[in-house]
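Q: need coordinates for the below:
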Amino acid sequence: MIITFLLFPIFLIVYYLSISGFGKFFIKVCNLNNQYFDNYKNIEFIFGLIFIFLFSILINLITNLNDVISILIILLGIIFYVLFFFNNNNKKDVINLIFIIILISTSFAFYALINDDFNYHFKTISNFKDFNTFEIDHGQRISYNSHWLLINAAYYLEYFPASIFCITSIFYSLTLCDLYKSIKRNHLLKNYISSGYSFFVLIFLVGVLNQYKEYGTDFPGQILLFYFCLLYFENYHLIFKENNKVIIFILGILSLFAFSIKISNGLIFLFLIFIFFKFRKKIDFFLVFLCSAIPTLLWFLQNFIISKCVIWPISITCINNIDSAKYEMVLIERFAKGDITTKFEISGINWISMWFNNHSIKLLETYGLYFLIMLFPILFLYLRKKDYTYSLFSIGNNIFKSKSYISFFSIILISNLIWFVQAPAYRFGVFYNLNFIIIFLLFFWYNLIVINKAVFFKIIKILLFISLVFFAYNNITKYKNYIDRHGLIWPNLNAEFVDR
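A: The predicted structure follows:
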């Protein structure tokens, strides 16, 4: 265990450098050197993950992703990073970022319990480690071919099982760093909607969604969608007035990557459809989006080889296993609407009371305290100081009548309605649900930023401290929970499977 504790931070450093190296290479090849990759370090990391997927899927068509292949991929990424590092003028910033990644990622991942889906997720990862794509047999669970699982397979080393925790924890750490910097940067630029949006998401990830076991394949994709919205707010005028192709490419990459991680993220395409119809140069938009779709097209091919469906379990995309795909969708709907046994016959709205009984507590636990904590400072200030009361309904009016806000509100509202009607499980809808809450809170917080910036930052510090207390509590108590269930050895994957 001591060896694992000492090696884990080293693996975090190696994996961050390797994946970022691929990201730098991919960005250079695509000729995308611009501000987005300086402002958001995670986007560079995301581009690295996508390149790894492209690389790995081609390799897996020929051979399995064994440890030798994984080591070669890791080393190649580090070589790319070193080549680009000497051209980096901010070497001190890189060192500081690595230190922060180690601190947050180790706290987040070490001695983490496994989520409920890990059993079949790990089976998928093991298949990529042991077989090439053509040797993987179709199965109800195996054919959920998440983009995220292939990437993790490429970097999972069987001789060091804790390596399976590295990518998600680094991704989480970089997200927190990006959001914190976004708050400060956008505030200085007086882009208060982007600053406020970053603040709400940061508090949610630190204070609520702060345990590794919650992530699986559900939340990495949804974090990508938070980036999508932040870039949308930050670059609204750049998108529609200057028809910027680079930002369209990045938005396309983020949305398609999120979709290939979890198909429940597909409602983000409503945003892309909206952008397409408002984009003046529609041919340019189509061509750029097609380029961003290349990794997804390869994912379609891999899906088809494994399950004979372009997207499992959407039966309309299948040429075989059609009946099993339809049945799987029925099971998903029943489970999402509250039937744990998946035996309930859904007809019309007869499922709503069952959904309320089985899901309301989880939704209240997730959003209730968060909403009250985020709303309380605003209510306190407005009730305490009468001069704020008029501003509550006046200062932000013009901003929230803007096209960027109205379009965001409309699409999020429609997305929540579709989510509720089709598959209203908590884990499928965090992005949609949280954004709906943010839409409400943004109005009041925007006015506070304008009225009194000093108070705004004081409240931010207080709420961030409270969130860090929740983060620390959840990630300290997990040690006892893990040891009580599985003993001192971490990760004890075999014990976890037996326990489930």
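
Q: ok, now how distant is residue 3 from residue 489?
A: Counting by Cβ to Cβ, to the nearest Å, the gap between residue 3 and residue 489 amounts to 11 Å. Backbone N, C-alpha and C define where each C-beta goes, glycine included.

Q: between these two, who's got more neighbours?
A: Counted by other Cβ atoms under 10 Å, residue 3 and residue 489 do not tie: residue 489 has more neighbours, with 14 against 9.

Q: now do the SS call for the more buried one.
A: Under DSSP: H, G, I helix; E, B strand; the rest coil, residue 489 falls in the coil class.

Q: give me the pLDDT value at it.
A: Here, the pLDDT recorded for residue 489 equals 83.

Q: from residue 123, how far off is it?
A: Note on residue 489: its distance to residue 123, by Cβ to Cβ, is 21 Å.

Q: ok, now residue 18?
A: Distance from residue 18 to residue 123, by Cβ to Cβ: 25 Å.

Q: these two: who's more crowded?
A: Legend: neighbour count by other Cβ under 10 Å for residue 18 and residue 123, higher for residue 18 (22 against 14).

Q: what sits against that one?
A: Going by Cβ atoms under 8 Å, 6 or more residues apart in numbering, residue 18 touches 48, 73-78, 81, 155.

Q: show me those residues that map onto helices.
A: Among the contacts of residue 18, the members falling in helices are 48, 73-78, 81, 155 (criterion: DSSP state H).

Q: what's residue 423 sitting at in phi/psi?
A: phi -150, psi 70 (degrees, to the nearest 10).

Q: my error: substitute residue 318 in the last question.
A: Residue 318 adopts backbone torsions of phi -100, psi 150, taken as degrees, to the nearest 10.

Q: surely it and residue 309 touch.
A: Yes. Assessed by Cβ atoms under 8 Å, residue 318 is found in contact with residue 309 at 3.9 Å.

Q: now do the shared contacts for these two.
A: Here residue 318 and residue 309 share the contacting residues residue 325, scored by Cβ under 8 Å, 6+ apart.

Q: higher neighbour count, these two?
A: Counted by other Cβ under 10 Å, residue 318 and residue 309 do not tie: residue 309 has more neighbours, with 24 against 21.

Q: measure the more buried one to residue 302 for me?
A: Using Cβ to Cβ, one gets 11 Å for the distance from residue 309 to residue 302.

Q: do the same with residue 421
A: 30 Å.

Q: quick one: contacts of stretch 128-146?
A: 56-57, 60-67, 120-121, 123-124, 127, 149-150, 153-154, 156, 158, 217, 260-262, 299, 302-303, 305-309, 312-313, 321, 324, 328.

Q: skipping adjacent residues, who's closest to residue 334 in space?
A: Closest residue in space to residue 334, ignoring its immediate chain neighbours: residue 342 at 4.5 Å, by Cβ to Cβ, 6 or more residues apart in numbering.

Q: how about residue 74?
A: Closest to residue 74 by Cβ to Cβ, 6+ apart is residue 18, at 4.7 Å.

Q: what's the helix or strand for the one you found?
A: Assessed by DSSP states H and E, residue 18 sits inside helix 2-29.

Q: which parts of that helix are buried?
A: 4, 8-9, 11-27 (16 or more other Cβ atoms under 10 Å).

Q: who's in contact with residue 308?
A: Contact partners of residue 308, counting by Cβ under 8 Å, 6+ apart, are 138, 318-321.
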